[in-house]
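Student: Build me a model:
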Amino acid sequence: MSETINDAVIDAVDALAPTLLEVSHAIHANPELAFEEHFAADLLTRTVEQRGIDVERGAYGLPTAFEAAFGSGGPTVAILAEYDALPGIGHACGHNIIATSALGAALALNEIGLDAPGQVRLLGTPAEERGGGKELMAREGAFEQVDAAIMIHPAGVNLASMPCICVAEVEVIYHGLSAHASAMPHMGKNALDGLLLAYQGISNLRQHIQSTERIHGIVTDGGQAPNIVPERAQGEFYVRAKNAKDLAELKPRVAACFEAGATASGTRVEINWSGVDYLDLNTNWPLANRFQAHAEALGRRFVPYEKVERSAAGSTDMGNVSYRIPSIHPMLAAAPQDVVIHNPRFTEFTASPMGDAAVLDGAKSLALTALDYLTDTALREYTHRAFGVAEGLV
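Tutor: The predicted structure is shown next:
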């Protein structure tokens, strides 16, 4: 890629900066939960249309998903946007930054009008925090005509890839029998007892799982009043493991805890596993290394990935995409290193000068990486060879 084209991309993002930061701050100020991101989806799609790019709203079966594309022939690279928030703490995962860095990358590539075969797609992917929007879109064909997928995630450090493990979501509902908790407790069957016995069983199970595995959950319904034996109790749990095989082996052990709670309390339990398990991240290192090089050229310093503590891993539905096509999910510092994601302090930084810098550096690095992929035959071959090895295909 020539320096002239690189400079054109950087200049295009800088020219777009006021728009991008206005959009980022607006999404930040209007946090929306998974599948409910109507404000964000509308704002993003209107911004794309204002630049003369057609947008398909409600793409791939999800009302708050969208797709915009330009270019034709040759390879196709998708730039992915997320924009859902967290309950109570808003954009503490920085999805406003993810969305607008992707927006900026796509708009900048459209602005420079590169005369080369290939297509860029901007995909708006709802429901990352829960529900697995990318997997749901994939099942409807969102990635069937895509050759590579790229996105960023804000953090407290710069990393070429996000440490990720698998996760399965499960809802449990205990059904008992209500009664007066003082006058006739013997007539009741306590659904909350069933849930709490299961919770304690899971706490004991944690002593005997691998260090790469996690089980955590909350009580979402514990009854209506202290003097009524709870006839219903509900909880939500996440079960995590380093890969799909380990996750499949761990899930029945967790289910046994739920069933044991029901047996011990004389209640009945519904165990409702989510229809989407998030996979670990199959990072495409040729693309990730190229992204890092571009971000470093902008002045960012990266922590070597091999020095990252592997236990400090989250989960993302980008993992599901990464097992379908070559994908990257690097992290850019949008806050100081001691400020962790999913924390109210991180929410503050995602609309701060550090967060704004991540939007612009992310847009530039994503756009330059996409250009490299579209124009560099050797990189594409290396990318797909690495993906094939990772998948055991070659």
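Student: Can you report phi and psi for the residue sitting furthest away from the middle of the chain?
Tutor: Distance from the centre of the chain peaks at residue 183, with 49.7 Å (CA atoms, centre = their mean). Per-residue torsions, residue 183: phi -70, psi -40 (degrees, to the nearest 10).
Student: got it, and residue 175?
Tutor: phi -120, psi 120.
Student: I'd guess residue 238 is in a strand, am I close?
Tutor: Yes: under DSSP: H, G, I helix; E, B strand; the rest coil, residue 238 sits within a strand.
Student: I'd guessed it sits against residue 166; true?
Tutor: No: Residue 238 lies out of contact with residue 166 (CB atoms under 8 Å); the separation is 10.3 Å. C-betas here are computed from N, CA, C, even on glycine.
Student: The two: which is more packed in?
Tutor: Taking other CB atoms under 10 Å, residue 238 and residue 166 do not tie; residue 166 has more neighbours (26 against 17).
Student: you'd agree that one is up against residue 242?
Tutor: Yes: with contacts counted by CB under 8 Å, residue 166 reaches residue 242, the gap being 7.1 Å.
Student: overlap in contacts of those two?
Tutor: Shared contacts of residue 166 and residue 242, defined by CB atoms under 8 Å, 6 or more residues apart in numbering, are found at residue 280.
Student: returning to that earlier point: anything in contact with each of residue 238 and residue 166?
Tutor: Common contact partners of residue 238 and residue 166 (CB under 8 Å, 6+ apart): residue 315.
Student: distance of the residue farthest from the centre of the chain from residue 227?
Tutor: 9 Å (CB to CB, to the nearest Å).
Student: where along the stretch 151-300 of the chain do the strands fall?
Tutor: Assigned by DSSP state E, counting those that start in this stretch, the stretch 151-300 of the chain shows strands spanning 153-155, 166-175, 214-221, 232-241, 268-278.
Student: Turn those into JSON lines, including mean pLDDT.
Tutor: Below are the strands of the stretch 151-300 of the chain laid out as JSON lines (pLDDT from 0 to 100):
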{"stretch": "strand 153-155", "mean pLDDT": "97"}
{"stretch": "strand 166-175", "mean pLDDT": "97"}
{"stretch": "strand 214-221", "mean pLDDT": "97"}
{"stretch": "strand 232-241", "mean pLDDT": "97"}
{"stretch": "strand 268-278", "mean pLDDT": "96"}
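Student: out of the ones you listed, nearest to residue 339?
Tutor: Residue 339 sits nearest to strand 153-155 of all the strands of the stretch 151-300 of the chain, at 9.4 Å, using CB to CB.
Student: residues in contact with the closest one?
Tutor: With CB under 8 Å, 6+ apart, strand 153-155 has contacts from 93-94, 97-98, 162, 316, 329-335, 341, 350, 355, 358.
Student: Residue 235 against residue 172, yeah?
Tutor: Yes: under the criterion of CB under 8 Å, residue 235 makes contact with residue 172 at 5.2 Å.
Student: With neighbour numbers in mind, choose between those two.
Tutor: Using other CB under 10 Å as the criterion, residue 235 and residue 172 rank with residue 172 on top: 28 against 24.
Student: Flag the shaky bits of the stretch 1-150 of the chain, pLDDT-wise.
Tutor: 1-2, 114-115 (pLDDT under 70).
Student: mind giving me CSV with the strands of the stretch 151-300 of the chain and columns for distance to residue 134?
Tutor: Shown next, in CSV, are these (distance: least, CB to CB, whole Å):
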stretch, distance to residue 134
strand 153-155, 13
strand 166-175, 13
strand 214-221, 21
strand 232-241, 17
strand 268-278, 9
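Student: so which of these gets nearest residue 59?
Tutor: strand 268-278 (17.4 Å).
Student: Strand partners (parallel or antiparallel) of that closest one?
Tutor: strand 166-175 (antiparallel) (DSSP bridges).
Student: any idea of the angle the partner strand forms with strand 214-221?
Tutor: 30 degrees (axes from the mean of the first three to the mean of the last three CA atoms, to 10 degrees).
Student: Enumerate the positions of strand 166-175 that are buried.
Tutor: Going by neighbour count (16 or more other CB atoms under 10 Å), the buried part of strand 166-175 is 166, 167, 168, 169, 170, 172, 173, 174.
Student: and if you look at stretch 107-124?
Tutor: Those would be 107-111, 114, 118-124, for stretch 107-124 by 16+ other CB under 10 Å.
Student: Now do the end-to-end distance for it.
Tutor: 14 Å (CA to CA, to the nearest Å).
Student: Stretch 30-38 now?
Tutor: End-to-end for stretch 30-38, by CA to CA: 10 Å.
Student: How much space separates the residue farthest from the centre of the chain from residue 229?
Tutor: Distance from residue 183 to residue 229, by CB to CB: 11 Å.
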